[in-house]
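[1] Just need the structure, nothing else, for what follows:
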Amino acid sequence: MKCRHDEKDTCFSEPKATIRALGASAGQISKVEMLGCNKPLKWEWTVQGLVVSLPAEKPSHFACGLKITGANQHPAQHHQ
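    Okay, here's the model as predicted:
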């Protein structure tokens, strides 16, 4: 995912991020948070992966990380 920088340096260029390694067969997900962000994130767990709606403002100018909470998590097997 690439970030677009404007004069305020606050916007993500993509409104959503998809983590394909965490598809529906990858265990259980109960909560998704962005580190440094106190607002709840909207997310959807699909067969294609975990789809996270990103906040309008970045919590950091350097890096953004997600904390994914759940049980029995393991990378999904993708067949090509």
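
[2] what pairs with the residue nearest in space to the middle of the chain across the strands?
    In the chain, the residue lying closest to the centroid (C-alpha atoms, centre = their mean) is V52, at 4.3 Å. V52 has these beta-bridge partners by DSSP bridges: A17, W43.

[3] so who does it touch?
    Residues near V52 by C-beta atoms under 8 Å, 6 or more residues apart in numbering: 16-19, 32, 41-43, 66. The way it works is simple: take the backbone N, C-alpha and C, and place the C-beta from them, glycine included.

[4] ok, now with 7 Å
    For V52, the contact set (C-beta atoms under 7 Å, 6 or more residues apart in numbering) comprises 16-17, 32, 41, 43, 66.

[5] Check G49 too.
    So G49 contacts 18-20, 22-23 (C-beta under 7 Å, 6+ apart).

[6] Just the ones of the residues you listed in helices?
    In this view, those have no member that belongs to helices under DSSP state H.
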